[in-house]
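Engineer: Take this sequence and fold it.
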Amino acid sequence: MMVCWFLTVPDPSPLSRHLYLVTLISSLLVAAAPASPAAAQGWKPPRPVELIVGSGAGGAADRQARVVQKYLQTFPGIPGVVINNRPGGAGNLAYAYLAQHPGEGQYLITMSTNLLTNQIAGTSPLGYQDVTPLNILVREYVTVWVRNESPIGSARELGAMLKKNPASVSFAFATARGNQNHIVIGMIAKAVGVDPRALKIVVYASGGQGMIAAIGGHVDVWVGTAGSAQQHQQAGTIRILGISAGQRQGGRLAAVPTLREQGIAAEYFAWRGFAGPKGLTAAQTAFWDQAFAKVVEADEWKKELDDNAWADVFTGAAETRRHLDAEYALLRNMLGELGVVGTK
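Structural biologist: Numbering: from 1, shown residues only. Here you go, the predicted structure:
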C-alpha cells in the first residue's frame, strides 16, 4: 500500500522548513516493536556494562546516564552497570574510547544531537557512521537563563541588547560549537537581525562546570537543557528568560515563557539516547532493543521524564539509524544557514 504525505509548512523560510521537517521526522519515528526473545537470548553482556559519558558530572548527559543506570542494572542478563565520565574534546575523547572496543556490546555511550553537529562542524574525526545507534529515549528543549542578579529581565530585553551591540552579552553553553544549544543561540541572533558570528561565545567542557560559572557571574547568559535549568530554578539561584518550545511546558516549568511568545523565533528540541561501538551483531542489538524497551515501559519512567523535563520519544535501533540519516542532512543545511559552522 502506498502512503503519500502532503506537507504544509507554516513559514516559507528555509530555516523554518528544516525545523518543521525535524519535528515531523521525530514524531513519525514511533517506538519500534520489541525484539523477539529468541534473538535477544543469543547474547548478554559478559562483563559489567560501561555507560560512557562525554562530559563531566552534573551535566545533562551525565544525568541521562545515571537515570538509565538505575533501570538497566535490574535487567536480567546484565551483571552490573558503571558510569565512565570521559570529558574533553567536545565529546571526542569519549567517542575515541568507544572506538577502541569494536563489537563489544557491553560498552554504551550517551548519544545526542552533538554526535551529528560535531561531525558537520568538522570538530570530530568520528561520525554517526562510526557507532551502532541503539535508541533515542527522550527529547528536550533548550532554556536561556541568567543568574538572579542579572539586569537582563526577559528574552525580549536580551534581544534588544543584542540589536544594540551583539558583543555586549556573553553566551555560554556546553560541550561543543554547533550543538543544539549553539543552534538556539544562532536562532536568537537571526531573529533579532544579528549575525550569529558576531556574538561573544564561551564553550565549557561540561554543563555542570559551565552552570557554576554562569551562576557565579563569569558569563552573562547560559543556554542549556530544561532539566538542568529547573534544578537551579528550584534552588532560587537563576531566572529563566525563555524556552525553545512551541508552547509553554507543564510541571515546574509551567511559568516559563517561550522565546517565540516574546517575539523571538527560536524553536528547537534536541534528543538523547545511546549508541554502542561499531560492529555490534544482530543479537547484541536485539538485546539492547529489548532492555531499553523495558526501561521506558517502567511505571517510574514517567516520573523520570517529569523530573528531568524530558519528553518520551523512544525509538529502537533500526528507526534510530534512519532518523540520524535524515537529521544529518537537515542539520548540515541548518548550521550553514545559521552561520555557526566553522565559527571560531
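Engineer: tell me the mean pLDDT over the helix or strand hosting Asn84?
Structural biologist: Secondary-structure assignment from DSSP states H and E places Asn84 in strand 81-85. For strand 81-85, mean pLDDT rounds to 97.
Engineer: One more: stretch 256-270?
Structural biologist: Stretch 256-270 comes out at a mean pLDDT of 95.
Engineer: Check stretch 112-123 too.
Structural biologist: In the prediction, stretch 112-123 has an average pLDDT of 88.
Engineer: list the buried ones in the longest helix seen in the chain?
Structural biologist: Assignment by DSSP state H gives helix 317-338 as the longest helix of the chain. Using 16 or more other C-beta atoms under 10 Å as the test for burial, helix 317-338 gives 317, 319-321, 323-324, 326-328, 330-332, 334-335, 338. Quick note: C-beta positions are derived from backbone N, CA and C, even for glycine.
Engineer: tell me which of those is nearest to Gln119?
Structural biologist: The nearest member of the buried residues of helix 317-338 to Gln119, counting by C-beta to C-beta, is Tyr328 at 7.6 Å.
Engineer: Leaving out the residues flanking it, which one is nearest to the closest one?
Structural biologist: Leu116 (5.2 Å; C-beta to C-beta, 6 or more residues apart in numbering).
Engineer: Now stretch 102-115: buried residues?
Structural biologist: Buried residues in stretch 102-115, counted by 16+ other C-beta under 10 Å: 104-115.
Engineer: now do stretch 144-154
Structural biologist: By neighbour count on 16+ other C-beta under 10 Å, the buried set for stretch 144-154 is 144-147, 150, 152.
Engineer: repeat for stretch 86-103
Structural biologist: In stretch 86-103, counting by 16+ other C-beta under 10 Å, buried: 86-92, 94-99, 101.
Engineer: With stretch 203-212 instead?
Structural biologist: 203-211.
Engineer: Include secondary structure, pLDDT and distance to Gly217 when you put the residues you listed into a markdown table, please.
Structural biologist: Listed next are those as a markdown table, based on DSSP: H, G, I helix; E, B strand; the rest coil; pLDDT from 0 to 100; distance: C-beta to C-beta, whole Å:
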| residue | secondary structure | pLDDT | distance to Gly217 |
| --- | --- | --- | --- |
| Val203 | strand | 93 | 18 |
| Tyr204 | strand | 92 | 15 |
| Ala205 | coil | 83 | 19 |
| Ser206 | coil | 84 | 19 |
| Gly207 | helix | 86 | 17 |
| Gly208 | helix | 86 | 17 |
| Gln209 | helix | 90 | 15 |
| Gly210 | helix | 94 | 13 |
| Met211 | helix | 95 | 12 |
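Engineer: could you dump those to TSV with distance to His232?
Structural biologist: Supplementary listing: those in TSV, determined by distance: C-beta to C-beta, whole Å:
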residue	distance to His232
Val203	19
Tyr204	15
Ala205	19
Ser206	15
Gly207	11
Gly208	11
Gln209	14
Gly210	12
Met211	7
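Engineer: Pull the most distant pair out of those.
Structural biologist: Largest separation among the buried residues of stretch 203-212 by C-beta to C-beta: Val203 and Gly208, giving 14.1 Å.
Engineer: In stretch 54-71, which residues are buried?
Structural biologist: 54-65, 67-68, 71.
Engineer: Pull the residues that contact it.
Structural biologist: Applying C-beta atoms under 8 Å, 6 or more residues apart in numbering, the set of residues contacting stretch 54-71 from outside is 51, 53, 81-83, 85-87, 90-95, 109-110, 112, 137-138, 140, 174-175, 205-209, 211, 224-225, 227-228, 272, 274, 294-295, 298, 301, 304, 308.
Engineer: Let's see which of these end up in helices.
Structural biologist: 92-95, 207-209, 211, 227-228, 294-295, 301, 304, 308.
Engineer: now, among those residues, which is nearest to Ala160?
Structural biologist: Ala160 has its nearest neighbour among the ones in helices among the contacts of stretch 54-71 in Met211, at 25.0 Å by C-beta to C-beta.
Engineer: State the number of residues packed around Val82.
Structural biologist: By other C-beta atoms under 10 Å, 13 other residues sit near Val82.
Engineer: Please give me every residue in contact with it.
Structural biologist: By C-beta under 8 Å, 6+ apart, the residues touching Val82 are 48-51, 69.
Engineer: quick one on the thing from earlier: could you list which of the buried residues of stretch 54-71 belong to helices?
Structural biologist: Those of those lying in helices (DSSP H): 60-65, 67-68, 71.
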